[in-house]
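> Predicted model, plus sequence, below.
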Amino acid sequence: MILELIKADITTIKADAIVNAANSSLLGGGGVDGAIHRKGGKAILDACVAIRNKQGQCKTGNAVITTAGNLPAKYVIHTVGPVWNGESEKNENLLAACYHNSLMLAVENEVKVIAFPNISTGIYHFPKHKAADIAITTVNHFADKEKIEKVIFVCFDDENYNLYLQKLGI
Ligand code: AR6
């Protein structure tokens, strides 16, 4: 499994799946979620509504998969990160679950290339250095690693990009 780092808008990435930092409603919001729904179009929202009607809200740490609509990717994996509230261990486990469950869904759907944004580090205020450690560790420890060809960490802001550069030893 190759790890790649880029600084970009995730909606421009042509991966098999891009991951969305969603909220439990699955009905869109601001940040990367807003950008994905805006550019991906109504097909994504329709698919999210269908999932909600079937299973209700998406719990923190869980993930669901939909079409990517008009985006260059094939799928969007929507995962709900924790809102940082200072409860370190609980929040850290939930953030790790986001990466783990997104990778599980990727494998189930034969996704070979998956792109992650820096989940929870925007509106949800998770400390960026801790979030980067969790993202990299969870991806590196994923048991079915050989089934994924490439994980792309997509950073949007300089602070995250510089942290990942350092932590990935690039
Ligand atoms: N491409 C890649 N990364 C982005 C983009 C983009 N287009 N836009 C922002 N980021 P956030 P959260 C980065 O706030 O903290 C929404 O309202 C951003 O710099 O999008 O998980 C949801 O509906 C940051 O590093 O997500 C939820 O309610 C990272 O994406 C809530 O925000 C995550 O920032 C989720 O909050």
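Structure's in. What do you need?
> rest of the way, CA atoms for contacts and neighbours
Noted.
> all helices of the protein, in order?
Secondary structure of the chain (DSSP state H): helices located at 31-40, 42-55, 88-108, 128-140, 158-167.
> Could you list the buried residues of the longest one?
Translated: helix 88-108. Neighbour-count burial for helix 88-108, with 16 or more other CA atoms under 10 Å as criterion, is recorded at 91-92, 94-107.
> Now stretch 92-101: average pLDDT?
In this model, stretch 92-101 has an average pLDDT of 98.
> Check what contacts it and list those residues.
With contacts defined as CA atoms under 8 Å, 6 or more residues apart in numbering, stretch 92-101 is touched by 60-63, 79-82, 119-120, 131, 134-135, 138-139, 142.
> In contact with the residue nearest the centre of the chain, which residues are there?
Nearest to the mean C-alpha position of the chain, by CA atoms, centre = their mean, lies Val19 at 3.4 Å. Residues in contact with Val19, defined by CA under 8 Å, 6+ apart, are Val76, Ile77, His78, Thr79, Ser102, Ile114, Ala115, Phe116, Pro117.
> tally of neighbours for the last one?
Right, Pro117. 22 (other CA atoms under 10 Å).
> Which of the buried residues of helix 88-108 sits closest to Lys14?
In terms of CA to CA, no member of the buried residues of helix 88-108 lies closer to Lys14 than Ala106, at 15.0 Å.
> quick one: which of the buried residues of helix 88-108 is nearest Ile13?
When these are compared for distance to Ile13 (CA to CA), Ala106 wins out at 16.0 Å.
> Against Gly61, how distant is the residue nearest to the centre of the chain?
In this view, Val19 and Gly61 are 13 Å apart by CA to CA, to the nearest Å.
> Which neighbours do these two have in common?
Contact criterion CA under 8 Å, 6+ apart; residues shared by Val19 and Gly61: Thr79.
> Residues of this structure that sit close to the ligand?
By the rule CA under 6 Å from any ligand atom, the part of the chain lying against the ligand is 9-11, 21-23, 28-33, 35, 81, 117-125, 154-157.
> Can you say which of those residues are buried?
Buried residues within those, defined by neighbour count using 16+ other CA under 10 Å: 10-11, 21-23, 28-29, 32-33, 35, 81, 117-122, 154-156.
> In TSV: the helices of the chain, plus distance to Ala15.
Shown next, in TSV, are these (distance: least, CA to CA, whole Å):
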stretch	distance to Ala15
helix 31-40	14
helix 42-55	16
helix 88-108	11
helix 128-140	17
helix 158-167	19
